[in-house]
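Enquirer: need a structure here:
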Amino acid sequence: MKRFIVLLVLASIFMLAVVGCGSKTATPTDAVKGFLAAIEKNDMEALAKVSAEGTAELVAMMGTKAQDSLKENGKATNFAETISGDTAEVVVTFADGTDYPFDTIKVDGKWLVKLDMGK
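Expert: Residues are numbered from 1 along each chain as shown. Reported below is the predicted structural model:
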């Protein structure tokens, strides 16, 4: 649960570093940037657009903990993307040196962030 909170916080920090609403998801990194931006702004509509099934609901359950975690870790400073077919991992490095991996999947030609509560 703590790792999930850290993930959400990191996502918020990343959002601060990225300009835009996050509606573009041409790459896994675009999806993660949009995801983090939506968390930062607490924009559930934008979050739903870049989230795989069930992910936006998990974030909503966390409340403000996701935003708080992102603020604690600072801005996202680097994104390392590894694509394997219709799945990808984007490792985000935050200003405090924390690395967090985000899983993404391609659905109907669009990359979406997929959170797993058990991860």
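Enquirer: now Ala52. Its backbone dihedrals?
Expert: Torsion angles at Ala52 (phi, psi; degrees, to the nearest 10) stand at phi -70, psi 170.
Enquirer: and it, how many residues sit next to it?
Expert: Ala52 is flanked by 18 other residues according to other Cβ atoms under 10 Å. Placement of C-beta: from N, CA and C, glycine included.
Enquirer: for Ala76, see how far away it is.
Expert: With distances taken as Cβ to Cβ, to the nearest Å, Ala52 is found 20 Å from Ala76.
Enquirer: isn't Tyr100 right next to Phe94, touching?
Expert: Yes - judged on Cβ atoms under 8 Å, Tyr100 makes contact with Phe94 at a distance of 7.2 Å.
Enquirer: between the two, which is the more surrounded one?
Expert: Between Tyr100 and Phe94, counted using other Cβ under 10 Å, the more crowded position is Phe94 (25 against 22).
Enquirer: now the more buried one: how far from Gly74?
Expert: 5 Å.
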